[in-house]
Every structure is written in structure tokens, then in C-alpha cells.
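[1] Predicted model and sequence follow; I will ask about them next.
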Amino acid sequence: MGAAIRTTCAYCGVGCGIAATVTGERSVTIAGDTEHPANHGRLCSKGTHLGETTSLEGRLLHPEINGRRASWDKALDLVAKRFRDTIARYGPNSVAFYVSGQLLTEDYYVANKLMKGFIGSANIDTNSRLCMSSAVAGHQRAFGEDVVPASYDDLDETDLVVLVGSNTAWCHPVVYQRIMAARAERGAKLVVIDPRRTETCADADLHLAIRPGTDVALFNGLLAHCRTERLIDETYLSRSVDVPDDFWGKVGEGGDLWSVARTCDVPPADLRRFFDLFAANPRTVTMFSQGVNQSLRGTDQVNAILNVHLATGRIGKPGAAPFSITGQPNAMGGREVGGLASTLAAHMDFAPENVARVARFWGSDRVASKPGLKAVDLFRSIAEGRIKALWVMATNPAVSMPDAGAVRDALAACPFVVVSDCISDTDTGRFAHVKLPAAGWGEKDGTVTNSERTISRQRRLFDLPGEAKPDWWIIKEVGRRMGWVGEFAYSRPADIYREHARLSTYGNDGARLFDIGHHSAIGNADYDAMGPLRWGEKPFADGRFPTPNGRARLVPVMQMTLAAPLAKWPLTLNTGRYRDQWHSMTRTGLSPKLGTHRREPLVEIHPEDAAPRGIGEGDLARISTPQGESVFRATLNTDQRRGEIFTPIHWTDRQSTGGRTGLLPRPLVDPHSGQPGFKSTPAAACRVEIAWRAFLVSREEPGSIDALWATRVRVANGWLVELAGEGDPARLIRQLLPHGERIEAIDAVRGQSRHAVVVDGRLVAALYCSRGDLPSRDWLIAQLDDAAAASAIELLAGRPARPAPDRGPIVCVCFDVGLKTILATIAEQRLTSVEAVGGALSAGTNCGSCRPAIQRLLADHKEAVHG
Ligand SMILES: Nc1nc2c(c(=O)[nH]1)N[C@H]1C(S)=C(S)[C@@H](COP(=O)(O)OP(=O)(O)OC[C@H]3O[C@@H](n4cnc5c(=O)[nH]c(N)nc54)[C@H](O)[C@@H]3O)O[C@H]1N2
Ligand SMILES: Nc1nc2c(c(=O)[nH]1)N[C@H]1C(S)=C(S)[C@@H](COP(=O)(O)OP(=O)(O)OC[C@H]3O[C@@H](n4cnc5c(=O)[nH]c(N)nc54)[C@H](O)[C@@H]3O)O[C@H]1N2
Ligand code: SF4
Ligand SMILES: [Mo]
């Protein structure tokens, strides 16, 4: 066992530092890096369980051409040739790259340079278009440059945190823990603005469950209130901010408290409380993410927030800032290299002087001179046959693009599709002519930049498996084979990082804040040893902004009138994330621990919307939109607003039959940023009539399942598949059960059957099918353990002869503590704090991701007891 290697978490934009100790060929123990400024040693459930995802299960280990293994030489030559030929025949805009905030900065830089610098097209867009392009566009409009003027330190110094459209407790858990610490230590206040009551609201002072899409009205209302209350910082405005002539007239319209409350559909007293909290606490951090960005008016919503901060001078000061928090581990690094189709490179746009500068720097006379196609338009162009060769890297657009069905059609129609991924069978990979095996987390080496502009190293822990190669290597090899040998002569990530640093400072006489010129000549050893480093220490602290006149701008934005619901599509579909899964589950889906938090994709629906549709708790519901339909298990709760439903984005074709969200959202985008409005799609819901339901517990992962509904997650020693269908399940059951000794009980009259398959005394699979209830899954899953020794009678009963108490769904995945256990202990021991629950059960004392859930259980209990 070697010394711990310092690296950065694979997942979210918090960018936590990890101390990883390699313990075997593909095994590693993970601890938080106590010296990393992003987390000071903390990790959430996903980071904590990274060690469960480093096996080679499901990995793509060799290049493939048309599904057959091929050598790297053949595959790279083919990619270079097809791109070259397509460009020769149809011009540079007939090809495209679709890349990702999950590439390292070095990978991203090379991809951007190849497309914009040498192919000569800006048709390189990234999944960050779906994620934060509205924040980028909002920053550019207000500040002149895409700079996030906040850092996590601000959370330690602020008196008020406003979370807008952000389920921080689940999606940025370590930042959430930092907010909790600020509350405990300094009494900082917390306001959450989200149409849903999420776990992030568990410990909030105030939750405003606004009508979706009314954030502009809310923040314009707040601004008008600030004006009435004389909270506008006139000195700051006159020194640092341009205010358009008609600004106050425009944003003040409809600004009285009652009409804002009506538009946002919140109690006026709650709104008043928010305004008062804002007035009382000049040190305010407003943190926002997808509830703001993923909207047809995302950019305006961003500017509505920025306006309030600029007008009250709450920016560039300790504890006061608007804070767009990034999603992916290197979303920010992608913005720095300029990987969006709408930017050129190193925070430069396509102004002629920038194009000339970058052309000089890269030594190319073909640098793209205008923006390329943004993601939704890019896939539409593929469908229309205008783009004829596409290279997808580190993203799964067949799942994550809006109207994913149409995206699949486009991929199927595209004459040449290359997919670089570490996983062999992804929904997008199924459309690839060439698949290239990329190095994954723990194998690659380079840098990422997190939400607060801190650049950290990801370091290699394992040897490259099979023939996998780092993305930067793959891209530069294609560049060289397309004819640009000297321009892509990198032999290590440090070579690329130095060039990236030089470009950031090249001809940059302070015009761009992004400048890491001090790393232009960093040596290989220093790069290897590099610690975390934040660029732009305190942006805008001097009241100067990177615009031509040095002043920021207030942008007059207006609340758009919301369309009335359509008769055929009376509901609004909101989509988002689960705490313990990451996007299309290619990696978190490998972890049994992470599989315990949510085992199925659920549709959350208000009881009063469910009742008239005959949908009950646990029923299957079909959600349809004009784009497509999918099936989810219904869960009824009043955390949802009436008229709104919520589904998770994680399950794919690979993981399910039927339970996919990606097919549903409409492909409409924000006019400024091109970001899709994923959070509100007109939808309908109905109950699905099923003849039977079943579940399968199995050591081996089953192949694709031909049932009405089947969704799977990883469990300890195997898989759990939930199934439901019409007609007679007998044939499907035969297909799903592996060979071995069968123990069976079939009750045809009651429509029940139970099957267990045993090989050498070990349970290899169990399938329970019924018209009604099914036994608990947990005990059966535990029987996959080699040490388990259940009798045939117990296996058929689906429970032990002397049953242990039912723990309920697992809340704390680190210590396997169930909901029912926690509730019982709270009641028995009269516990009143998360700490006390931790003391009694250990729950919440490791990674802390479940602390908001425990908080919520305590609150529910208190309500139940005190009425
Ligand atoms: N566990 C986990 N963590 C992740 C990820 C993951 O896949 N899993 N992905 C990472 C990535 S890439 C990203 S981008 C982030 C996303 O992080 P978040 O933005 O926190 O996550 P989401 O669940 O997409 O949506 C946030 C909230 O926006 C709310 N919302 C919907 N409509 C509106 C509206 O009109 N106004 C307001 N104010 N709110 C609205 C939704 O109800 C939802 O609760 O998470 C990152 N972290
Ligand atoms: N309905 C709806 N849709 C959404 C969203 C939503 O809220 N609602 N959110 C959107 C947002 S914010 C985002 S960020 C996207 C995310 O959507 P995607 O980017 O499609 O999601 P991932 O599953 O993370 O895809 C990453 C892929 O890269 C692979 N990979 C991992 N590491 C590497 C590597 O180092 N190299 C290579 N070459 N491959 C690698 C993984 O195996 C995986 O297949 O989804 C968007 N789509
Ligand atoms: S908050 Fe969790 S997922 Fe995000 S970087 Fe930290 S450990 Fe990783
Ligand atoms: Mo994202």
C-alpha cells in the first residue's frame, strides 16, 4: 500500500480534494483531502463511494470499428480520413464535435484547438450548453466577461444565503454542509426558492415554492422593494455600473408586493419575509443553478439576480456575491478554454482582433471567425443532413439532450459517428461507427476548475486498462493524422497546460480576468506537484469590470407572461437529479451503496393531481409529452406544487425499459444562450394498467428485458430489477432465470409465482411475481452474499423464519440505516437533533449526505407529535 495520492473527485463542480490510497490492482480507499480549500476533508456519498466504481466492469477497452475490435492505428486513421474527406467535399462546417464538462482542461483545450483553430469551424459545442450557458450569457451581459465573482469563502462570511433553483443538499452536498456550518457557527440565514420542497429546504428559514418560471418577477420585485427601502447603493452605481435610461421604469412595473406574490403564487407574508431578510443582511450570497439556467428565459433570470446584486453593491465584497454554481467537475475549465460554440478561446469571443490574436498564437490561417452551432441546433443540423461527421466525447446525448428520441434519429442518420467513452455500452455508443476507449477517472492526469475558479489536479492512480488512452492523446493523434503534426506535438498533459496558460496571457493587457500566465513555463515536476490554486482572487473588488468602459451593466429584464396550460397537456414536467446517482449512471450505477438511496425512477405528483387520474402510491404512471412517453413509479406527495410533476434524469435504455426522462423534454431554448428549458415541459399523466409486477434479484446482470417496464440498479453482489407487465409473465420468467437448481412455488389462481435458482448451494437469482404485493427486497438481496445460508422455505417465503424488524428504505448509505429504524429511534429516545440521531445510530456521521433527510424526519416527527 503506497502513500495517499492527492486528486480531485470525479463528479460535481464543488471539486472536492481527495486523498486516494491504492490498495490493489483496481482498488482504492478514498478519504477527503483535509488541505483542499473546496472541502477541507469533507466528501459526500458519491465521492465517498468512488472506490466502488473503479472496477473494469462494463469498460470499453479496445477501439472498435462497426462493432468489431480494431487497432488504434486503424481507428485513428479512419476518423482522420472521414473527417478530412467530409471537410474536403462539404466544407469545415459539415463536421462537429460534441464534448463535455467531464473532460479535463487539457483534453478540452486540444479539442477546441483542433476544431476552431485548424478544421476552421466553431462547430464544437458541449453539454455545458445544457447546463450553464445561460449563466455564461448572463455574466457576459452584466460583467463583459464570464466570471463567477464568488468563492466558497464567501459562504463562511455571509449572513444570508439565497438558493435559487438549486437542490444543493443533493447536488452540491459539500457546499450545502458548508452552508449548514455557517448557520450553526454564525447564525447565517437560509432562503430556498424552488417550486418543489426539496431536502435542501429541510433546515431553511424560509422556502418560497414559487410558480415555475417566475424568478424574474421575484427578483424584479425585490429590486423594486430595495429602491423603495433606499437600499440601492447609488455611490456604487455611479462609480461602477451603467444603468440604461429606461431601466427603473421597466423593472419597476408590477413591482408591488401583492402583485409579485400573485405572479409567483406565494403568500405575501413569506415574500415580505424574504425582502426583509434581504434588506437586513448586506452580506448576501445568491447561489443558483438549473432551476434558473434551464429555462426558456434562463439568461434573463440570471440577469435579474445579477441586477439585484449590482444595484445594492453586493458584489466583490466579503460574503456578498451572486454565485452561479457549476455542475460538472470541469464545467468551469471548459469555459476557460472556450469550448462552447459561442466562444473562441481563453475567454475571448469572435471579435476580429481576437480571431487574429488566436490565429497568431496557434500559427493558423484558418481560425473560425464566427460562432458555431449550439447543441440543439447542432443535432438538428445532423438530422437535416448538413452535418455529416460527428465526434462525441464524454457525454451521452442520446439520454441527456432534450427530445432525445429525435437526437437518436439524428445519430442514426448521421453518416459517421465517433464516440469516445470509457464505458462500452452506452445509449449513445449504440449509434457509433467508431468507438474509442478513453481513460476514466483515476487513470487520467490533468487539471479541472471548480465552481469557485480553483484549478486542481486530477492524478493517475491506476495503469491504463486494456488499450484505453487519455482523451487529449486521442484528439491530438487525430489532429496529426489530419496533417497538423507540429501543431499537435504534445507528449504529456503539462505541455498542453503550459500552452493554455500562455494563451490566457497572450496579448492580454488586463482586458480579460482569466489570466494564468504565471503558469506559462511551469516545469513538469511543478505541474505534477501542483496544489489547488484559485485564479482571479477577488473579482470586481476594485469596482472595475472587464467591459470597454470598465463598468458593469444593469440589464432590463421583464417577466414573460406564462402560457396557460393546454387542455391536452395540463401538467408541467420538471426534471432533475437524485442524491446518489450521476447523470446517465454509467459510473454511479456501478456502486451498490449508491444504488440503495433510490432504487427506481419515480414520478413525484401531488395527491390532488393523482386522484382524478386514478393514480395511487406505488402505481405505474405513464408520463407523456408531445415528444414522447415514459413510465415511472408514482409517489404522491405535497412537496410538489399542484400541476407539476418531477422525474429523475438518470435511467437510460441501458438501465431500463420505459423509465427514461430524456425522451420527454421539448427542444426549445433560451434565445440568448441556446440552453434548453428542461424544467418545464407541458405533459400529461395517466395510470398504467398492469397484470403483474415482479422483481428479480440476480448475481449476473440480465440483458435487455422485453417487458412493459423494467428498471435496474446495482446491489451488493448483483442486481435488482423491478418489473411490471401485461399478459402472462411465464415466458419472460423463463428467459430471466439462469440455469441451476430451481426452487419454485406457483399459485396460478392467485397469480403468484416465486422462483429461486441455486448453484452449489448459493443463491444466484430469485424472481417474485404477483398481482398484488411482493416481499421486501432487502433480505433477498442479502442472500446473494456467499455467507448467507437461507433454507429453501425461507427463499420461497422471501423472508427469514424469524424475521428481523423492517428497516424501511435506506437513508444513510454509509451505515445502512433505514427510515423506519430512524423514526422508531427518534420516537423511543425522544431525539431532537441530527447529532443525537448520529449518536444513537451513527446515521449521518460519515459523509453527511443524509443529514438533510434526517432533519426532515425530525421535523415530520415533531409535527406529528405536536400537531
Ligand atoms: N447527485 C447528483 N449531483 C449532481 C449531478 C447529478 O447528476 N447527481 N449533476 C451535476 C450537474 S452537471 C449539475 S448541472 C448540477 C445541478 O444541480 P441543481 O441545479 O441543484 O439540480 P436539479 O435537480 O437539476 O435542479 C434544481 C432545482 O431547480 C428547481 N426548479 C425547477 N424549475 C424552477 C423554477 O422555475 N425556478 C426555480 N427557482 N427553481 C426551479 C427544481 O425543482 C430542482 O429542485 O448538479 C451536479 N451535481
Ligand atoms: N431532462 C433533463 N436533461 C438534462 C438535464 C436536466 O436537468 N434535465 N441536465 C443537463 C445537464 S446540466 C447536464 S451536465 C447533462 C449531463 O448529461 P451527460 O453529459 O450526457 O451525462 P453523463 O452520464 O455524465 O455522460 C458522460 C459520459 O462520459 C463518459 N465518461 C466519463 N469520464 C470520461 C472521460 O474521461 N472521457 C470520456 N471520453 N468519457 C468519459 C461516461 O461514461 C458517460 O457515458 O444532462 C443534461 N440533460
Ligand atoms: S460534493 Fe460530492 S460529488 Fe461533489 S465534488 Fe464533493 S465529493 Fe464529489
Ligand atoms: Mo450540468
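    The structure has been received and is ready for your questions. Ligands and ions are numbered 1, 2, ... in the order given.
[2] When you work out contacts or count neighbours from here on, use the C-alpha atoms and nothing else.
    Noted.
[3] near ligand 2, which residues of the stretch 201-350 of the chain?
    With the criterion set to Cα under 6 Å from any ligand atom, the stretch 201-350 of the chain comes near ligand 2 through residue 328.
[4] Tell me the residues of the stretch 201-350 of the chain that contact ligand 4?
    Counting by Cα under 5 Å from the ion, the stretch 201-350 of the chain comes close to ligand 4 at residue 327.
[5] Run through the helices of the stretch 201-350 of the chain in chain order.
    If DSSP state H, counting those that start in this stretch is used as the criterion, the helices of the stretch 201-350 of the chain fall at 215-228, 234-240, 247-252, 257-264, 268-280, 290-293, 298-311, 331-337.
[6] ok, residue 112 - contacts?
    Applying Cα atoms under 8 Å, 6 or more residues apart in numbering to residue 112 gives the contacts 124, 337, 338, 339, 345.
[7] Hmm, the fourth one is touching residue 125, no?
    Yes - with contact defined as Cα atoms under 8 Å, residue 339 and residue 125 form a contacting pair (6.5 Å).
[8] and these two? which has more neighbours close in?
    Counted by other Cα atoms under 10 Å, residue 339 and residue 125 do not tie: residue 339 has more neighbours, with 35 against 26.
[9] give me the element the nearest residue to the more buried one once chain neighbours are set aside is part of.
    Once flanking residues are discounted, residue 339 sits nearest to residue 112: 5.7 Å by Cα to Cα, 6 or more residues apart in numbering. Element membership of residue 112 [criterion: DSSP states H and E] is helix 105-112.
[10] So for the helix or strand following that helix, mean pLDDT?
    Scanning forward in sequence from helix 105-112 by DSSP H and E, the next helix or strand is strand 124-126. In this model, strand 124-126 has a mean pLDDT of 98.
[11] now swap in stretch 440-447 and tell me
    Stretch 440-447 shows a mean pLDDT of 97.
[12] for stretch 92-99, which positions count as buried?
    Along stretch 92-99, these residues count as buried under the neighbour rule (16 or more other Cα atoms under 10 Å): 92, 93, 94, 95, 96, 97, 98, 99.
[13] Can you name the residues bridging to the last one?
    It refers to residue 99. residue 126 (DSSP bridges).
[14] Okay, it and ligand 3: tell me how far apart.
    20 Å (Cα to the nearest ligand atom, to the nearest Å).
[15] residue contacts, that residue?
    Contacts of residue 99 (Cα under 8 Å, 6+ apart): 108, 124, 125, 126, 127, 392, 393, 394, 395.
[16] near ligand 1, which residues of the chain show up?
    The chain has residues 12, 131, 164-168, 170-172, 193-196, 212-213, 215, 289-292, 327-328, 574, 576-583, 679 near ligand 1, with proximity defined as Cα under 6 Å from any ligand atom.
[17] mind listing which of these are in helices?
    Counting by DSSP state H, the part of the residues of the chain next to ligand 1 found in helices is 168, 170, 171, 215, 290, 291, 292.
[18] Out of those residues, grab the one that's most surrounded.
    residue 292 (30 neighbours).
[19] residues in contact with it?
    164, 165, 215, 298, 301, 302.
[20] Go through those residues and name the one nearest ligand 2.
    residue 165 (11.0 Å; Cα to the nearest ligand atom).
[21] Would you mind measuring from that closest one to residue 433?
    Shown here: residue 165 relative to residue 433, a distance of 39 Å by Cα to Cα, to the nearest Å.
[22] Quick one: name the residues of the stretch 651-800 of the chain near ligand 2.
    Counting by Cα under 6 Å from any ligand atom, the residues of the stretch 651-800 of the chain that sit close to ligand 2 are 661, 662, 665, 678.
[23] and which of the residues you listed is nearest residue 85?
    Using Cα to Cα, residue 662 is the member of these that lies nearest residue 85, at 33.2 Å.
[24] What are the buried residues along the lengthiest helix in the chain?
    What stands out as the longest helix in the chain, according to DSSP H, is helix 72-90. Within helix 72-90, the residues scored as buried using 16+ other Cα under 10 Å are 72, 75, 76, 77, 78, 79, 80, 82, 83, 84, 86, 87.
[25] what's near enough to touch the fourth one?
    Residues in contact with residue 77, defined by Cα under 8 Å, 6+ apart, are 478, 481.
[26] Report the secondary structure state of residue 55.
    Secondary structure assignment for residue 55 (DSSP: H, G, I helix; E, B strand; the rest coil): coil.
[27] Once you drop chain neighbours, what's closest to it?
    Per Cα to Cα, 6+ apart, closest to residue 55 is residue 26, 5.9 Å.
[28] Just give me the neighbour total for that neighbour.
    17.
[29] contacting residues for it?
    For residue 26, the contact set (Cα under 8 Å, 6+ apart) comprises 54, 55, 56, 462.
[30] again, but for residue 19
    Neighbouring residues of residue 19 by Cα under 8 Å, 6+ apart: 4, 5, 6, 7, 30, 31, 32, 33.
[31] Can I get those in a markdown table including pLDDT and neighbour count?
    Output for the contacts of residue 19, formatted as a markdown table (pLDDT from 0 to 100; neighbours: other Cα atoms under 10 Å):
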| residue | pLDDT | neighbour count |
| --- | --- | --- |
| 4 | 96 | 17 |
| 5 | 98 | 17 |
| 6 | 98 | 23 |
| 7 | 98 | 28 |
| 30 | 97 | 20 |
| 31 | 97 | 20 |
| 32 | 98 | 24 |
| 33 | 98 | 23 |
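[32] okay, these in TSV with secondary structure and distance to ligand 2 next?
    Below are those laid out as TSV (DSSP: H, G, I helix; E, B strand; the rest coil; distance: Cα to the nearest ligand atom, whole Å):
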residue	secondary structure	distance to ligand 2
4	coil	22
5	strand	18
6	strand	18
7	strand	14
30	strand	18
31	strand	21
32	strand	21
33	coil	21
